[in-house]
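Colleague: need a structure here:
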Amino acid sequence: MGETVSLECGCCSRTQELSIGSGMMYGSFSLDDIIKNSRGKVKKHVQALQNTGVVLSNVCEEELLACPRCNTLSTRFSFKLFDKQGECIYESIFNCSRCKTRLLPADKKLTDYCCRYCSSPSLSYSDLTGCWD
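Modeller: Got it, this is the predicted structure:
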């Protein structure tokens, strides 16, 4: 089950909703589903891995990521592909849309990040939180 968290900026009053985790839908994602939801070089790379037959399993989720330069949060559909020995042979990589720095897994309290709209460090939890499948 996934979780939805809403953060509100005390400066610009905008709300950012973050859907995090893997709902039931992602538990049944096949390699074909991953390819359908991918673009460009990623899609071609995953298709090539599929054609070789080395991919045994995958893990998909809405991953909570942070930009270390902008100090902002975002979520992205991410996935990892594993071979028959259980080794990760592919992992999604994303860059910040603002500064192009590689996004990393968020490792602080969500309220310790800045608003992605105005860059103010004044985020707080809003009332809109819940679960999703």
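
Colleague: hey, let's count contacts and neighbours off CA atoms from now on
Modeller: Noted.

Colleague: Phi, psi for the residue lying farthest from the centre of the chain please.
Modeller: Here the chain reaches farthest from its C-alpha mean at T52, the gap being 26.6 Å by Cα atoms, centre = their mean. Main-chain torsions, T52, degrees, to the nearest 10: phi -80, psi -20.

Colleague: Please apply the same query to T75.
Modeller: phi -120, psi 150.

Colleague: separation between C96 and C70?
Modeller: Using Cα to Cα, to the nearest Å, C96 is found at 8 Å from C70.

Colleague: Ok, K100 next?
Modeller: To C70, K100 is 10 Å away according to Cα to Cα.

Colleague: Which one's more surrounded, these two?
Modeller: C70 (17 against 12; other Cα atoms under 10 Å).

Colleague: mind listing what T101 touches?
Modeller: C67, P68, R69, N95 (Cα atoms under 8 Å, 6 or more residues apart in numbering).
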